[in-house]
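1. Any chance you could fold what I've pasted below:
(one chain, ligands or ions: 1)
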Amino acid sequence: MGFTYHLPTRHNPFGDDVIEWEQSEMIYFTEEKKNMKILIATEKPFAKKAVDGMTEILAGAGYEVVRLEKYTEPEELIAAVADVDGLIIRSDKVTAEVLDAAKNLKVVVRAGAGYDNVNLAAASAKDVAVMNTPGQNSNAVAELALGMMIYMSRNKFTPGTGFELQGKTVGIHAYGNVGRLVARKAKALGMNVIAYDPFVTDRALFDNDGVEPVGSVEELYAASDYLSLHIPATEQTKKSIGYKLLMSMPKGATLVNTARKEVIDEVGLEAAMMERTDLKYITDIAPDDNSTMAALFGARFFATPKKMGAETAEANINAGLAAARQVVGYLERGENRFQVNKKPCDCK
Ligand code: 3PG
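-> So this is what the prediction gives:
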């Protein structure tokens, strides 16, 4: 049995980063597949338009769609995954316990970039494919990073003289999808942009954006009036940004974190901000020591109440629809382009 399903068109001003999907595609499914269940589990729900679009794609392909939203306890997710074949999440924690409880699970798609919230080893051990949707919410995060720079340079929108971004140097720590968009937008604001990413070996990538690559993380921090963090949280990066790097930054420098709180060494950050009363920190992921830092540093510190980098209708729709398409693509055709736990032998 088959039918034609028309997917909505999407406009993306930085199209090279986002996967473009065909305007319409033929999706085939069998009667048996109709019994499969896909769970959309979002402690922080998607915008309604995104949920509607995802449901249309999944139900249109013959899957039963169930939702668990705004849940507060991990046990609720553990109970909800019991009989599902596919799982779509955001920053929701997919632990070994969740994977153990999900006896029929075949695929988890993290609608977003970072997948540090999924226990990859446990998923791989159970042959569950884990994917992300790279690039789909990057523009929203990049816009927030620039907004955060302006917010801090204008004294958190309180009376008093601030600073302009034009003419200042912004350092981009990791030149992936978000880092590149921050760089391009910062160039448009007249900023000098430098970057460090040991995994980008093609210099043309920097040259095309008018960005100066530097040779080390130390060099990056020492030259950045604003430092925009875009590194993932891994065993190598956790607590890697601390006292020494922060102390090396220029006078009046601002650290902007739209990445992960785990990459910050909070003790080192606090020590640097105590010693250097000119340093500022703004973050989209509240530190563990949030209330102390707010009390200690006042105008030099700000943390959003809940992570909001990807909280735009556009990012929700882009990432949510991509996730739904990837679930269908994997279950119907074995498509695994964005699988992050591929076995060495099944790289298609
Ligand atoms: C990501 O990794 O894509 C961002 O941190 C967004 O996370 P969220 O979906 O929880 O807002």
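2. Now stretch 151-170: average pLDDT?
-> Stretch 151-170 carries an average pLDDT of 98.
3. ditto for stretch 257-272
-> 98.
4. so how far does it reach from one end to the other?
-> 16 Å (Cα to Cα, to the nearest Å).
5. Pull out the buried residues from it.
-> Residues of stretch 257-272 classed as buried: 257-266, 268-270, 272 (neighbour count, 16 or more other Cβ atoms under 10 Å). (Each C-beta comes from the backbone N, C-alpha and C, glycine too.)
6. can you give me the strands in the stretch 151-300 of the chain?
-> Assigned by DSSP state E, counting those that start in this stretch, the strands in the stretch 151-300 of the chain fall at 169-173, 192-196, 212-213, 226-229, 254-257, 280-283.
7. hmm, I was thinking of the stretch 1-150 of the chain
-> 2-6, 24-28, 37-42, 64-69, 86-89, 107-110, 129-132.
8. For Gly114, which non-adjacent residue is closest in space?
-> Pro232 (5.6 Å; Cβ to Cβ, 6 or more residues apart in numbering).
9. Would you pull up the residue in this structure closest to the ligand?
-> Residue nearest to the ligand within the chain: Gly112 (2.6 Å; Cβ to the nearest ligand atom).
10. Can you check the pLDDT for that residue?
-> So, for Gly112, pLDDT stands at 98.
11. near the ligand, which residues of the protein show up?
-> Taking Cβ under 6 Å from any ligand atom as the measure of proximity, the chain contacts the ligand at 44, 90-91, 112-114, 137, 307, 309-310.
12. Which one of those residues is nearest to Thr237?
-> Among those, Gly114 lies closest to Thr237 (Cβ to Cβ), at 11.3 Å.
13. ok now do that closest one, which residues does it touch?
-> Contact analysis of Gly114 by Cβ atoms under 8 Å, 6 or more residues apart in numbering lists 91, 132, 232-233, 259-260.
14. will you turn the residues you listed into a markdown table that also has distance to Ser224?
-> Listed next are those as a markdown table, based on distance: Cβ to Cβ, whole Å:
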| residue | distance to Ser224 |
| --- | --- |
| Ser91 | 27 |
| Asn132 | 28 |
| Pro232 | 20 |
| Ala233 | 21 |
| Ala259 | 15 |
| Arg260 | 19 |
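15. By mean pLDDT, point me to the weakest helix or strand of this structure.
-> strand 2-6 (a mean of 29; mean pLDDT, DSSP states H and E).
16. among the residues of the chain next to the ligand, which two are most distant?
-> Spatially, the most separated pair among the residues of the chain next to the ligand is Lys44 and Ala113, at 15.0 Å (Cβ to Cβ).
17. Between the two, which has more neighbouring residues?
-> Ala113 (22 against 15; other Cβ atoms under 10 Å).
18. The more buried one contacts Asn132, doesn't it?
-> Yes: applying Cβ atoms under 8 Å as the test, Ala113 and Asn132 come out as touching, 5.9 Å apart.
19. Buried ones from the residues of the chain next to the ligand, can you make that a ChimeraX selection?
-> Of those, the buried ones go into a single ChimeraX selection, burial set by 16+ other Cβ under 10 Å:
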select :90,91,112,113,137,307,309,310
